[in-house]
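Novice: the amino acid sequence is not available; the structure is as follows:
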């Protein structure tokens, strides 16, 4: 934990550590959507895991203030970030959120009607499938591009502090 806090700073560690409860909660939301329909999903298991991991995360956050942090530049130090770095990091967050939304939709939807409609040569479902693919490509490209720009902005900030 010390190494992660030293690398990302307290804010960055808290943000990254939030994934330990956010992902099970997303699984709960997806399984809660499916459960009434097919009776194969067990939303209470995912909810229980998510709530347990939320408690673990809260314990981590209470201990976070006691961990010493080096004075060097941290990637996710909001107080020291330049406006460009904040902007590109926000863009990265938006694209990652879009990708997670796409994956959640892909995991919780029955795609067989779309496949059979495309197989039957219907234009509307084909356009919809192309739009879904374009959205996925846009999210992946946005993640790649904004990550590169945010990394470059961080390196500029780090280089300016060293001199």
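Specialist: Thanks, I have it. Source: prediction; values computed, not measured.

Novice: any regions of the protein where pLDDT drops low?
Specialist: By pLDDT under 70, the weakly predicted segments of the chain are 1-12, 16, 26-43, 46, 69-79, 162-163.

Novice: and it, what are its domains?
Specialist: Following automatic domain parsing, one finds the domains of the chain at 1-78, 81-163.

Novice: mean neighbour count added to those domains, as CSV?
Specialist: (Each C-beta comes from the backbone N, C-alpha and C, glycine too.) What follows is the domains of the chain, written out as CSV (neighbours: other Cβ atoms under 10 Å):
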stretch, mean neighbour count
domain 1-78, 15
domain 81-163, 14
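
Novice: quick one, what contacts the residue lying farthest from the centre of the chain?
Specialist: Ranked by distance from the centre of the chain (Cα atoms, centre = their mean), the top residue is residue 120, with 36.0 Å. Residue 120 makes contact with no residue, according to Cβ atoms under 8 Å, 6 or more residues apart in numbering.

Novice: next one: phi and psi at it?
Specialist: phi -80, psi 0 (degrees, to the nearest 10).

Novice: repeat that for residue 67.
Specialist: Main-chain torsions, residue 67, degrees, to the nearest 10: phi -90, psi 120.

Novice: look up how far residue 21 lies from it.
Specialist: Residue 67 sits 20 Å away from residue 21, taking Cβ to Cβ, to the nearest Å as the criterion.

Novice: how about residue 127?
Specialist: Look at residue 127 and residue 21: by Cβ to Cβ, they are 38 Å apart.

Novice: go on, residue 155?
Specialist: Computed with Cβ to Cβ, the distance linking residue 155 and residue 21 is 31 Å.

Novice: brilliant, that's me finished.
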